[in-house]
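Pasted the sequence and its predicted model underneath.
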Amino acid sequence: MTPDEPPIPDDDALAGAARRALGRLADDGVPVAAWEDVHARGRRTQHMRAAVAIAAALLVVVAGAATVGAVHGKGNHVDVAGTDHGGTTTTTEPPSTTTTTTTIPSPPATTAGGGTTPLVIPQFPEAQAGDFEGTLQVASTTLTATEPMPVTLTLRNISDHAVYVPGVRPIGVFLGFYSATGMTGSVALFGPGETRTYTSTITADPSLIGTARLSAAVLEGAGFPVKIGTSDFADLAGVAPVDVTIIPPGWQPGQPLDPSQGKWNVELTSDVDHVAAGAPLLLHVQVTNTGDQPQQTAGYGALAVACPSDQLAFPDGTALPAATLAPGAQQTFDVTVVAAANSAATTMNCSAGLQFPTYNGGAIGDPLGGAAVGTYPGIVSNTLPIALEGVQSTTTAP
């Protein structure tokens, strides 16, 4: 009873008994603490109990998360949808019999000074390429450039310990710098012997038209300053790669080969060895089909010439007229290019390459596409230097 509460009636029997008992206690000589002291001690006790309850609840959450991490999960089949690349994940029981012991820490012990013993979170080593065996399957070994193809990757942790796969170096499938798919998501924890199956897609960029090898690999994004594209950090030796053929969109077997599928020899000549900056230049482009099938000069891809005055890897160029050449056939095209008008270089170098006019490479950071001309393994071309006249050299004052 506090001083602020109303008095207890004298005719209350229970209250009277309580008064008599308190009187006897008072006669014993034991000092009675003031109400304020009792109230303060009660609040401290409540606070301590609340703190212990919160700590215990947090420990249960952490222990539950570690357990759900399935370092040694037994007899569970888990399907996880919505990985970073739209794939699904299936976790299956290892084929061998394993005895699993999962240790959950006890609640934090309260020390004399009111502190608690530190909670230790288990640490797992990052997965290495040699930690896995598995299989890689593709819906078809013939891929069409720019069109997604379903792939399935099954991985089994063959190490004797749990490993985690971080999001910065996921495991997935790799065809090329602009054609890779991470499949393990933002993070994945594999217990020893654990098997998981992932499904997703792989899309080949046009520069890969021809034969290529699809492999399972540890992937890593390109670093600064590029920050676009994906590198093959390490192939998974325990997963056999798959050889694939990549064809141009719209091409069918039996048709003349697309320029990107063909084999060419290109010889560039000019009637002059110099040109004024910004002026047109006429080039004679002799093209020979060095393959064993009819080949087109223009299709999904296009034979083209470029005359950069700098060191650009993918300069804009001019496509050759459309024609179909039989094996061994040769044809010469006259192509007009315009010399650079605002370059500090004194020479431009002309050569032949390949364009993909309808490809939007910029959507994925690929510089190829549109008017950009890139080198191609099937094209052998000379380089024709042309001097630039009237170029204004510039200097920078100190």
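Thanks, I have the structure now.

tell me which element the residue nearest to residue 321 when sequence neighbours are not counted falls in.
If the residues on either side of it in the chain are set aside, residue 321 comes closest to residue 333, at 5.8 Å by Cβ to Cβ, 6 or more residues apart in numbering. For the C-beta atoms, the positions are set from N, CA and C on the backbone; glycine is no exception. Secondary structure from DSSP states H and E places residue 333 in strand 330-338.

can you check residue 168 too?
Going by DSSP H and E, residue 168 is not in any helix or strand.

separation between it and residue 185?
As for residue 168, its distance to residue 185 is 12 Å (criterion: Cβ to Cβ, to the nearest Å).

now residue 126
Relative to residue 185, residue 126 is positioned 15 Å away (Cβ to Cβ).

Comparing the two, which residue is more hemmed in?
residue 185 (19 against 12; other Cβ atoms under 10 Å).

Pretty sure that one sits against residue 170.
Yes - counting by Cβ atoms under 8 Å, residue 185 touches residue 170, with 7.0 Å between them.

Any buried residues in stretch 328-337, and which?
By 16 or more other Cβ atoms under 10 Å, the buried positions in stretch 328-337 come out as 333, 335, 337.

Next, count neighbours for residue 240.
Using other Cβ under 10 Å, residue 240 has 12 neighbouring residues.

That one and residue 136 touch, don't they?
Yes - using Cβ under 8 Å, residue 240 makes contact with residue 136 at a distance of 6.7 Å.

Sketch out the low-pLDDT regions of this protein for me.
Residue ranges of the chain with pLDDT under 70: 1-122, 223-227, 311-313, 391-398.

mind listing what residue 251 touches?
Under the criterion of Cβ atoms under 8 Å, 6 or more residues apart in numbering, the neighbours of residue 251 are 257, 258, 261, 299, 300.

Pipe those into CSV and attach secondary structure per row.
Conversion of those to CSV gives the following (DSSP: H, G, I helix; E, B strand; the rest coil):
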residue, secondary structure
257, strand
258, coil
261, helix
299, coil
300, coil
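
hmm, back to that, just list whatever residues bridge to the residue nearest to residue 321.
On the basis of DSSP bridges, residue 333 is bridged to residue 285.

any idea how far residue 129 is from it?
As judged by Cβ to Cβ, residue 333 and residue 129 stand 48 Å apart.

before we move on, which element is residue 172 in?
Residue 172 belongs to strand 171-176 when elements are defined using DSSP H and E.

So which elements touch that strand?
Packing partners of strand 171-176 (3 or more Cβ pairs under 8 Å, 6 or more residues apart in numbering; DSSP states H and E): strand 149-157, strand 179-182, strand 195-202, strand 210-221, strand 230-235.

Right, I'll leave it there.
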